[in-house]
Each structure stands twice: as C-alpha cells, then as structure tokens.
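K.L.:
Mind folding the following:
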Amino acid sequence: MRTGNSRRRLALAACALSGTLLAGATAFAAAPAASATPAPQESTLRVKMSGAGIDTLNPFLAFFNGALDTFGLIYPTLNSLDENGKPGPYLAESWTPSEDKLTWTFKLRDGLKWSDGKPITAEDAAWTFNLIMTDAVAGTANGSLVSNFESVTAPDPTTLVIKTKAPQANVIYVSIPISGIPIVPKHIWEPQAKNLKDVKNDTYPIVGYGPWTLTEYKAEQYAKFDANKDFVLGKPGFDHMVQQSFKSTDAAVAALRSGQIDYINGVNPTQFKALQADKSLLTAQEVGNGWTGIEVNYNARTRTGKKIGTAHPALGDPVLRRAIHLATDKKTLVAKVLDGMGVVGAGYLPPAWPQWTWAPAAGQETPFDLAQANKILDEAGYTKGADGVRVDPKSGKPLNLRLGIHADDTADAGISTYLKGWLETIGIKLKIQTLSMSALNSDLAKGDWDILMDGWTTGPDPTYLLGLQTCAVLPKDDGTGGNTDSFFCDKAYDELFKKQLTTFDQDERAKVVADMQDILYKADVNQMHFYANTLDVARTDTVSGLITGKPDAQGMYPAQTAFWSYLKAAPAAAKQAAAGSEQGGGGLLWAGAGVLAVAVIGGVLVMRRRSSAGDRE
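P.N.:
Predicted coordinates:
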C-alpha cells in the first residue's frame with residue numbers, strides 16, 4: 001500500500017474580473033477579515049516503520065522494535081530520558097530513594113488523563129507492575145526488569161512506592177519509553193488480564209497517554225497516529241503521523257525520493273552513499289546502539305531442564321562453537337557488508353553507551369584463523385567425510401547446520417554468503433533459510449533451529465538486554481514466558497546479573513557488567529559480528545528537527561529514539577517561518593487572532609501555532 005501526502009492544501013480563490021473594477025474592489029473589501037488568515041493546514045509526518053515491524057500490540061508480550069517504538073509513543077512511563085540518556089520526569093515529577101536504597105517513592109503528576117478522559121493515577125502504575133511481577137504471561141517481555149521488586153503500592157493517587165528485595169541501581173530506568181515498561185490503564189486491561197496471551201489490543205483508537213494516539217493499524221502495511229495536543233512534555237510538531245511498512249529498504253528509499261515519505265531511520269550503506277549526493281535530503285550517521293551477530297542453539301530447554309527443539313546435538317560442544325567463531329572474519333564483514341560504516345563486534349553491549357563498552361583483554365580475542373579452527377576440530381575427532389563435511393563423533397551426524405536469516409535484511413544476506421564460504425572451508429555445511437521476521441521469531445523459544453542471525457538494540461541501562469541471557473527467561477514447559485534468544489543459562493552469569501542490579505557505584509557496576517560480557521564472549525553462544533552505525537535520511541523540504549543532539553568530531557550523532565525524534569519533528573515550512581520571524585525585526589508574528597510563537601525545546605527551534613494542533617523522546 002502507498003501512503004500519499006495527507007497534508008491539506010489551502011485553496012486560493014481567484015477573483016473574476018467580469019464586472020467593473022469598482023465592483024471587484026467592493027467585493028474584495030466586503031470579504032470577511034478572517035479570509036486573510038486561512039485556517040491552519042494540518043500536517044502529517046510520514047516515516048518508514050522499523051524494519052522489525054510490530055509483532056503484537058500487546059505490550060506485555062511484544063519485543064520487536066516496531067512494537068516497542070509504538071508503545072513508547074502511545075503509553076506513558078514513570079520516567080523519560082534526555083538526549084544524553086539521563087532519567088527525567090514524565091508521569092513522575094520526582095523520585096526519592098530511602099537511605100537503605102530499598103524503598104523508592106515516586107510523586108506523580110496530578111491532573112493527567114488517559115485518552116478516554118479517565119484520570120491517570122499511581123494505581124495504574126502499581127497495577128501494571130504487580131501484574132508483571134505475579135503473572136508469567138504478563139512478564140514475557142519485561143519480567144526481568146522487576147525480578148528484584150518486593151512490592152509496588154499506590155498509597156494515594158499521586159504516590160507510587162516501590163520496595164525492592166535488595167538495593168537496585170536502575171529503578172529509575174525500569175519504566176522509560178521504548179526500552180522500559182509502559183504503564184497501561186488499569187480500567188482497560190484488568191478485565192482482560194485472565195486471558196492476557198490472547199489479547200490483541202486492537203480496538204482503535206487505543207486508550208493510552210503519550211505524545212501520540214494510535215488510531216489505526218494494518219499488519220505489515222501501516223500505523224496511523226494523531227498528536228496528543230495536551231502532552232505534558234510538549235505537543236508534537238505534526239498533527240498526524242503515518243508509519244509505513246515496506247517489504248524492502250529499496251522500496252522505502254524510492255518512496256523517500258518521490259516524496260511519499262519524509263524519513264527513514266536505517267538505510268543500508270550503499271543506499272546511504274547514493275542519497276548523500278541528493279541536496280534535498282539530510283543524511284546522518286548515529287553511533288550504533290545495537291549488535292548484529294549469530295545465536296547458536298546449543299542446549300534448548302525449559303526452565304525445568306526439559307530438552308526441547310531440533311538443534312544439531314554437536315552445537316552443545318564448546319569446541320565446535322569456538323571453531324565457528326574462529327572461522328568468522330568480522331573485519332571483512334564490516335568492510336564489505338557495512339562499507340566500513342560500523343565497528344567490529346565483541347562485547348554484548350553496543351558503543352552508543354560507552355559506560356558499558358567492553359572488549360576482551362589483549363591476547364584473549366578470538367581471531368579470524370581458519371587453520372586454528374580446522375586444527376581444534378581435528379583434535380576433537382570431527383573427521384571429514386568424502387563430501388568434505390565433518391561428522392560429529394558422538395552422534396555420528398554430519399555437520400549440516402541450518403542458518404536462519406531475515407528475508408528483508410540485506411546485511412543478513414551479505415553475512416550469510418561469507419559465513420557459508422568460511423564454514424565450508426572448515427568442514428561445516430550451512431543451509432541458509434530465508435525467513436520473515438515473524439517466522440524467524442515465532443518458533444525461537446521452541447528451539448527448532450541451529451543458528452540464527454539476530455540483532456538487538458538497547459537503551460542506556462543494560463538490564464533488559466543482559467536479562468535475555470538469564471535462566472529466568474527460558475520458556476516454561478507449556479511454551480509460555482520464553483524471552484530467551486539463545487537458551488543461555490549460567491549460574492555465575494545469573495549471580496552477576498543480580499549483583500549489577502544492586503551496585504550503585506557506576507564504575508563498580510561497569511566492572512560487573514564487563515565480567516558478564518566476558519562470560520558471554522567465551523561461551524561463543526552469542527557471537528557479535530559488528531555494531532552497525534544507524535544511517536538516517538530525511539527530506540529537508542518537508543520535515544525538520546528529526547535528528548536530535550550534536551555530532552561528535554567524526555560526525556557521528558548520538559543514538560536517536562523515536563520518542564524524541566517524532567516529538568520534536570516539525571514541518572519544514574514552520575522552521576523557515578521561525579527563521580523569518582527572528583530576522584524580521586524581533587518579536588512574535590501576529591496573524592489575525594492566531595499567534596505564531598517560537599519555542600526552543602532541547603535545542604531545536606520549533607514553530608508553535610496556538611490556534612492549530614498542539615505542541616509536544
């Protein structure tokens with residue numbers, strides 16, 4: 001489906017001069033004064049939906065980027081994040097920990113309302129957290145974030161009290177837009193809680209509170225939003241937004257060039273370089289806030305230890321996993337797949353958040369070494385058959401492995417071609433399975449795969465991403481509750497996960513997180529290929545303010561989030577009008593009864609029209 005420009009065009013009436021000049025002048029003079037100030041035209045921001053799309057609109061179950069972005073736009077959180085990743089106010093105006101750091105008291109704003117007019121109170125937040133804490137289905141997506149919570153209560157409508165089992169360093173990051181827990185309206189969700197796994201949340205407009213309201217969604221087509229004119233952090237610069245789904249980034253780029261959409265967050269390097277030559281476009285690189293790599297299904301099982309899935313049994317051998325790692329030339333992947341627009345991968349946390357960046361100690365890196373890979377496989381008894389494919393000495397099965405890749409990801413396609421060649425050199429045959437995002441993930445927790453291409457992004461607090469590797473997110477025996485991505489489960493890692501939660505000193509916490517990444521790196525279960533720079537492109541003739549923050553000395557912008565970008569975005573004409581008002585002699589522009597006011601939000605100049613749609617990470 002193609003989404004056209006939905007901006008309304010002002011119709012200018014032409015004066016017919018069929019009568020006398022005097023009659024024409026009289027008719028013009030008699031026209032109402034208001035005609036000199038036409039009603040403000042409504043504006044629509046048109047963007048490409050996140051490539052991951054929306055897996056479900058149920059915020060308790062979702063983990064695709066498109067869904068998380070959406071929840072960040074339509075549901076509130078306790079805290080926001082500023083452009084430097086520091087917690088700020090949102091529903092909560094303030095928060096205070098007790099002296100022993102076991103009790104956090106949040107004071108919530110009074111007077112905010114859900115989109116259906118019901119008041120937002122601390123009870124909504126308490127109910128949301130308690131459901132996640134007590135219901136395995138509700139905890140599917142975000143259970144790890146509240147695993148240390150003892151209780152959450154709402155003693156009055158504007159007070160929320162969170163008590164933890166042990167001091168918890170990231171409490172103010174637990175409920176933040178996109179990467180944290182969204183607060184939902186209790187009166188809407190409580191009647192559905194008993195059958196939560198079946199709730200689609202597809203009654204529009206969806207009742208929520210945020211900078212936007214979701215008014216319509218068609219799976220794999222589009223999502224439509226209306227601006228919340230009364231949003232507490234400032235209204236959006238656009239009246240409406242359409243997020244368009246595309247089968248490929250090539251199709252999205254074509255739509256951008258033709259003016260059908262205004263912005264793409266995430267083109268590939270070839271497209272980016274081609275678009276840099278177009279003077280009507282703004283191109284920007286963000287520091288990578290996620291990783292791309294492979295996951296190895298080495299021991300698929302449930303929380304009780306029940307074996308599940310169809311993974312090749314040899315993947316449980318650390319020697320085989322190390323050989324796969326040795327046979328991967330990450331520098332070549334960065335150079336050839338990313339055209340140099342990224343960083344070689346190692347640690348589990350990306351470079352966008354340098355406080356958590358980790359790399360193996362000198363001499364401990366896994367190099368690209370095909371000879372060494374062959375050597376350790378020979379020594380472990382993996383002999384080659386007549387076809388050159390090695391055989392597992394324990395099961396007698398040839399090393400014919402499945403590699404699942406995303407159908408719409410050009411990086412996956414490029415990586416898989418290189419991997420197939422390198423692994424065949426060491427006697428491992430790869431069968432590449434091209435799958436849609438939903439197909440790739442639908443059976444992940446069932447363990448019916450060998451190796452998967454995957455990628456995760458994260459915000460400034462690492463708890464959620466680190467939590468994906470804990471034993472607690474393995475699926476239950478009935479198949480529910482699984483948010484694992486590789487079935488990794490290690491007691492030492494789990495103990496460190498708990499420790500980092502309770503370490504308040506930033507440097508000490510970073511050391512604990514580094515030890516966790518060291519465990520993951522040596523296990524070779526999650527092999528980080530690279531951290532790709534995010535490549536953004538926007539039309540300068542239709543939109544401004546999308547790219548927030550300032551670039552560093554290399555021209556790299558900080559990691560962007562849909563919350564702030566879509567809040568601060570404004571029609572390009574408003575930017576030009578703002579510039580004109582500043583250069584035209586000072587003061588505000590007056591147009592009839594409508595006032596054009598210039599506001600500065602986060603360093604971005606945005607034109608506000610009080611008589612039009614409202615202002616508003």
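K.L.:
Could you verify that residue 253 is part of a helix?
P.N.:
Yes. Assessed by DSSP: H, G, I helix; E, B strand; the rest coil, residue 253 belongs to a helix.
K.L.:
Now do the contacts for it.
P.N.:
For residue 253, the contact set (C-beta atoms under 8 Å, 6 or more residues apart in numbering) comprises 264, 267, 271, 275, 537. Where you see a C-beta, it was placed from the backbone N, CA and C, and this is true even at glycine.
K.L.:
Strands - which of those residues land there?
P.N.:
264, 537 (DSSP state E).
K.L.:
Quick one: low-confidence residue ranges for the stretch 501-617 of the chain.
P.N.:
574-617 (pLDDT under 70).
K.L.:
got the residue ranges for the helices in it?
P.N.:
506-523, 562-568, 572-583 (DSSP state H, counting those that start in this stretch).
K.L.:
list the helices and strands the first one packs on?
P.N.:
Looking back up the chat, that one is helix 506-523. helix 491-501 (3 or more C-beta pairs under 8 Å, 6 or more residues apart in numbering; DSSP states H and E).
K.L.:
doesn't residue 204 make contact with residue 74?
P.N.:
No. Applying C-beta atoms under 8 Å as the test, residue 74 and residue 204 come out as separate, 10.8 Å apart.
K.L.:
hey, what's in contact with both of those two?
P.N.:
By C-beta under 8 Å, 6+ apart, residue 74 and residue 204 have these common neighbours: residue 214.
K.L.:
And these two? Which one has more around it.
P.N.:
residue 74 (25 against 13; other C-beta atoms under 10 Å).
K.L.:
Which helix or which strand is home to the nearest residue to the more buried one once chain neighbours are set aside?
P.N.:
Of all residues not flanking residue 74 in the chain, residue 208 sits nearest, at 4.2 Å (C-beta to C-beta, 6 or more residues apart in numbering). Element membership for residue 208, per DSSP states H and E: none, as it lies in no helix or strand.
K.L.:
Check residue 47 too.
P.N.:
strand 44-48.
K.L.:
Who are the packing partners of the helix or strand following that strand?
P.N.:
Counting by DSSP H and E, the element after strand 44-48 in chain order, helix or strand, is helix 65-74. Secondary-structure packing of helix 65-74 (3+ C-beta pairs under 8 Å, 6+ apart): strand 212-218, strand 222-227, helix 562-568.
K.L.:
List the residues that contact residue 283.
P.N.:
With C-beta under 8 Å, 6+ apart, residue 283 has these contacts: 272, 275, 276, 535, 536, 537.
K.L.:
could you redo the last one with a cut-off of 6 Å?
P.N.:
Counting by C-beta atoms under 6 Å, 6 or more residues apart in numbering, residue 283 touches 275, 276, 537.
K.L.:
Most neighbours among those, which one?
P.N.:
residue 537 (25 neighbours).
K.L.:
who's that residue bridged to?
P.N.:
Counting by DSSP bridges, residue 537 forms beta bridges with residue 264, residue 283.
K.L.:
same check, this time on residue 79
P.N.:
Judged by DSSP bridges, the bridge partners of residue 79 are residue 89.
K.L.:
neighbours around it, how many?
P.N.:
Applying other C-beta under 10 Å, we find 21 residues neighbouring residue 79.
K.L.:
And residue 482, by the same measure?
P.N.:
20.
K.L.:
Surely it touches residue 446?
P.N.:
No. The pair residue 482 / residue 446 is not scored as a contact, 8.4 Å apart, by C-beta atoms under 6 Å.
K.L.:
got a list of contacts for stretch 432-440?
P.N.:
52, 53, 402, 403, 404, 405, 406, 407, 416.
K.L.:
Please apply the same query to stretch 211-227.
P.N.:
With contacts defined as C-beta under 6 Å, 6+ apart, stretch 211-227 is touched by 1, 3, 73-74, 115, 204-206, 228, 231, 236, 239-245, 567, 613, 616.
K.L.:
buried residues in it?
P.N.:
Counting neighbours by 16 or more other C-beta atoms under 10 Å, one finds that the buried residues in stretch 211-227 are 211, 212, 213, 214, 217, 222, 223, 224, 225, 226, 227.
K.L.:
distance of the second one from residue 427?
P.N.:
Going back to what we said before, that points to residue 212. In this view, residue 212 and residue 427 are 53 Å apart by C-beta to C-beta, to the nearest Å.
K.L.:
sorry, back to before: any chance of the contacts of residue 283 in JSON lines, plus distance to residue 157?
P.N.:
Shown next, in JSON lines, are these (distance: C-beta to C-beta, whole Å):
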{"residue": "275", "distance to residue 157": "50"}
{"residue": "276", "distance to residue 157": "52"}
{"residue": "537", "distance to residue 157": "45"}
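K.L.:
which of the residues you listed lies closest to residue 302?
P.N.:
Ranked by distance to residue 302 (C-beta to C-beta), the contacts of residue 283 are led by residue 537 at 43.8 Å.
K.L.:
Show the contacting residues for that closest one.
P.N.:
By C-beta under 6 Å, 6+ apart, the neighbours of residue 537 are 264, 267, 275, 281, 283.
K.L.:
sorry, back to before: narrow the contacts of stretch 432-440 to those in strands?
P.N.:
Those of those lying in strands (DSSP E): 402, 403, 404, 405, 406.
K.L.:
Surely the third one is in contact with residue 452?
P.N.:
What that stands for is residue 404. Yes. In this structure residue 404 lies within contact range of residue 452 using C-beta under 6 Å: 4.5 Å.
K.L.:
Show me which of those two is the more surrounded one.
P.N.:
With neighbours defined as other C-beta under 10 Å, residue 404 and residue 452 compare such that residue 404 has more, 26 against 23.
K.L.:
Dig out what that one forms beta bridges with.
P.N.:
Taking DSSP bridges as the rule, residue 404 bridges to residue 433, residue 452.
K.L.:
Just list the residues touching it, thanks.
P.N.:
So residue 404 contacts 433, 435, 440, 449, 452 (C-beta under 6 Å, 6+ apart).
K.L.:
Hmm, which of those is lowest in pLDDT?
P.N.:
Among the contacts of residue 404, residue 440 carries the lowest pLDDT, at 73.
K.L.:
Residue 506 versus the most centrally placed residue in the chain, what's the distance?
P.N.:
Central residue of the chain (C-alpha atoms, centre = their mean): residue 65, 4.1 Å from the mean position. Noted for residue 65: a distance of 27 Å to residue 506, by C-beta to C-beta.
K.L.:
want to try TSV for the helices and strands packed on helix 65-74, with distance to residue 307 as columns?
P.N.:
Conversion of the helices and strands packed on helix 65-74 to TSV gives the following (distance: least, C-beta to C-beta, whole Å):
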stretch	distance to residue 307
strand 212-218	38
strand 222-227	40
helix 562-568	39
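K.L.:
Of all these, which one is nearest residue 189?
P.N.:
With distances scored as C-beta to C-beta, the stretch of the helices and strands packed on helix 65-74 nearest to residue 189 is strand 212-218 (15.3 Å).
K.L.:
avg pLDDT for that closest one?
P.N.:
Taken as a whole, strand 212-218 has a mean pLDDT of 98.
K.L.:
List the strands paired with it, with their directions.
P.N.:
Applying DSSP bridges, strand 212-218 is found paired with strand 222-227 (antiparallel).
K.L.:
Please list all residues in contact with residue 360.
P.N.:
Neighbouring residues of residue 360 by C-beta under 6 Å, 6+ apart: residue 521.
K.L.:
ignore the last one, residue 290
P.N.:
With C-beta under 6 Å, 6+ apart, residue 290 has these contacts: 350, 455, 456, 457.
K.L.:
ok, the residues you listed vs residue 288, which is closest?
P.N.:
Nearest to residue 288 among the contacts of residue 290, with distances taken as C-beta to C-beta, is residue 350, at 5.0 Å.
K.L.:
Can you list the residue ranges for helices in the stretch 1-150 of the chain?
P.N.:
21-30, 65-74, 122-134.
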